[in-house]
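> Show me how the following folds:
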Amino acid sequence: MIRRLLTAALLLAQFTSHAGSLAPACDASARDRAVREQGFVEINGQPQWLTVTGQDCRNPVLLFVHGGPGNPNTPFADALFGAWAKDFTLVQWDQRGAGRSYGRNLPVRELAPAEFDGTPLTLDLLAADGIAVAEHLRRRLGHAKLILTGGSWGAALAVEMAHLRPGLFHAYVGVAQLVGPADLAASHALALQRARELGDQPALDTLQALGAPPWTDPRSFGKLRRILRGYEARRTAPGPAWTPAADHAGPQDAAAYEAGEAFSFLKFVGLQGDGMLWQLDLPGRRTKLALPVFLVQGEEDLLTPAAVTQAWFDRLTAPAKKLVIVHRAGHDPNGPLLDAQWRVLKDAVLPLAR
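Down below sits the predicted model:
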């Protein structure tokens, strides 16, 4: 997962040409209430990229918290979620250290050790950013509350946001919920089991060499992830084609996305097993949320396994909660997982936000 980054001078350019104001406050009397705006917004002292898309700005606002970390939905959002703009105002946020937010604020190349160490990226910092984003959207779009949804790493971050400021949100919808190191321990055990069942000796050798987590080598997570993706593909429906939209397909965006992915991943796992991942502990620290909680979980998810999600869900207290298990779905978005997320949003959450 750790890749060398392009350093051409052209790619050092930042996205100042894209900067601009976000959507104006919703005017209920306007004839055209559609909104499609994008730009950098000052979030806790740093410009961060937001897009807002919807057919009617009076519709409930749906804030996506992307996974990775370092993997914004923004370049793929229209293809994945475009049809949802009929019923929701959709907001994509490139988190600090990811996508266009990375490209605007950090060098688009591999950071030197001193630069890397001197650039913080923590759960607390990102959660504070997320709250500031939500507050900004409330002011700009004129909604008292938003709907919060996150996937994988973004689901863990969204839980922290919901814990800190539940009154900002109608509900939380988590997909492929990451709860902490318990996920990795279960993933490693499931991968070993699957490798033995399939007689996959190369994978078995790799997994045995890795040993059970926690790990101090940042490459260990990537080695496990590659094996898991192959095994999930055997039992799940195909995923979407990850082709970025035309306005995100240029060399600047590609380089910034790659640089942010590498930077954020290393902050996530840590150079010595000391990253954000190992400090997450939803079962120990986040077992009460003061808003409705809906979880959507792929039955074949080997990275954030259903059994681990179920154990946290069983301990969780919330005004309302529901866990949906999705057949033929793994960790990454595919048709069944996206359809299940949509049904939860439309049938269970939308009535709460009207």
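
> Going by C-alpha atoms from here, please, whenever you check contacts or count neighbours.
Fine.

> what packs against the helix or strand in which E232 is found?
Per DSSP states H and E: E232 is located in helix 219-233. Using 3 or more Cα pairs under 8 Å, 6 or more residues apart in numbering; DSSP states H and E as the contact criterion, the elements in contact with helix 219-233 are helix 181-198, helix 201-210.

> any chance of those in a markdown table, plus mean neighbour count, distance to R225 and mean pLDDT?
As requested, the helices and strands packed on helix 219-233 are arranged in a markdown table below (neighbours: other Cα atoms under 10 Å; distance: least, Cα to Cα, whole Å; pLDDT from 0 to 100):
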| stretch | mean neighbour count | distance to R225 | mean pLDDT |
| --- | --- | --- | --- |
| helix 181-198 | 18 | 9 | 98 |
| helix 201-210 | 15 | 11 | 98 |
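
> returning to what we had before: quick check: mean pLDDT of the helix holding E232?
What helix 219-233 shows for mean pLDDT is 97.

> can you give me the strands in the stretch 51-200 of the chain?
Assigned by DSSP state E, counting those that start in this stretch, the strands in the stretch 51-200 of the chain fall at 61-65, 89-93, 146-151, 169-175.

> Quick check: buried residues in the longest one?
Looking back up the chat, that one is strand 169-175. Buried residues in strand 169-175, defined by neighbour count with 16 or more other Cα atoms under 10 Å: 169-175.

> Looking at those residues, which one is closest to K322?
Taking Cα to Cα as the measure, V173 is the one of those closest to K322, at 9.6 Å.

> For the closest one, name its beta-bridge partners.
Beta-bridge pairing of V173 under DSSP bridges involves T149, F294.

> contacting residues for it?
The neighbourhood of V173, defined by Cα atoms under 8 Å, 6 or more residues apart in numbering, consists of 148-150, 293-296, 341, 344-345.

> what's around P240, how many residues?
Around P240 sit 13 other residues, with neighbours defined as other Cα atoms under 10 Å.

> so where's the stretch 1-150 of the chain shaky on pLDDT?
1-25, 28 (pLDDT under 70).

> how about the strands of the stretch 51-200 of the chain in JSON lines, adding distance to G130?
Shown next, in JSON lines, are the strands of the stretch 51-200 of the chain (distance: least, Cα to Cα, whole Å):
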{"stretch": "strand 61-65", "distance to G130": "8"}
{"stretch": "strand 89-93", "distance to G130": "9"}
{"stretch": "strand 146-151", "distance to G130": "10"}
{"stretch": "strand 169-175", "distance to G130": "12"}
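
> So for G260, which of the ones you listed sits nearest?
Comparing these under Cα to Cα, the one sitting nearest is strand 89-93, at 13.6 Å.

> Can you spell out which helices and strands pack onto the closest one?
In terms of contact count using 3+ Cα pairs under 8 Å, 6+ apart, strand 89-93 is assigned the packing partners strand 46-54, strand 61-65.

> Could you list the paired strands of that strand along with their orientation?
Sheet partners assigned to strand 89-93 using DSSP bridges are listed as strand 46-54 (antiparallel), strand 61-65 (parallel).

> check contacts around A233.
With contacts defined as Cα under 8 Å, 6+ apart, the neighbours of A233 are G330.

> oh sorry, the question was meant for V65
If a contact means Cα under 8 Å, 6+ apart, then V65 has 92-93, 148-151, 154-155, 157-158 as its contacts.

> Kindly list the main-chain dihedrals of L121?
Recorded main-chain torsions at L121 are phi -150, psi 100, according to degrees, to the nearest 10.

> name the helices or strands packed onto the helix or strand E42 falls within?
Following DSSP H and E, the helix or strand that holds E42 is strand 35-43. When contacts are defined as 3+ Cα pairs under 8 Å, 6+ apart, strand 35-43 packs onto strand 46-54, helix 123-141.

> orientation of the shortest one relative to strand 35-43 in degrees?
Comparing the axes of strand 46-54 and strand 35-43 via axes from the mean of the first three to the mean of the last three Cα atoms, to 10 degrees yields an angle of 160 degrees.

> For Q341, which non-adjacent residue is spatially closest?
Leaving out its chain neighbours, the residue that sits closest to Q341 by Cα to Cα, 6 or more residues apart in numbering is V296, at 6.3 Å.

> swap in R36?
Nearest non-adjacent residue to R36, counting by Cα to Cα, 6+ apart: T53, 4.4 Å away.

> partners of the one you found in the sheet?
R36, L90.

> got a list of what it touches?
Residues near T53 by Cα under 8 Å, 6+ apart: 34-37, 85, 89-91.

> Going through the residues you listed, which ones are buried?
For these, a neighbour count by 16+ other Cα under 10 Å gives the buried set as 34-35, 37, 85, 89-91.

> Of those residues, which is the nearest to G142?
T89 (11.8 Å).

> For A83, see how far away the closest one is.
Taken as Cα to Cα, to the nearest Å, the spacing of T89 relative to A83 amounts to 11 Å.

> rewinding a little: and the helix holding E232, how far out from the chain's middle?
18 Å (Cα atoms, centre = their mean, to the nearest Å).

> Show me what the following helix or strand past that helix is packed against.
Once the chain leaves helix 219-233, the next helix or strand it forms, by DSSP H and E, is helix 251-269. Using 3+ Cα pairs under 8 Å, 6+ apart, the elements in contact with helix 251-269 are helix 99-105.
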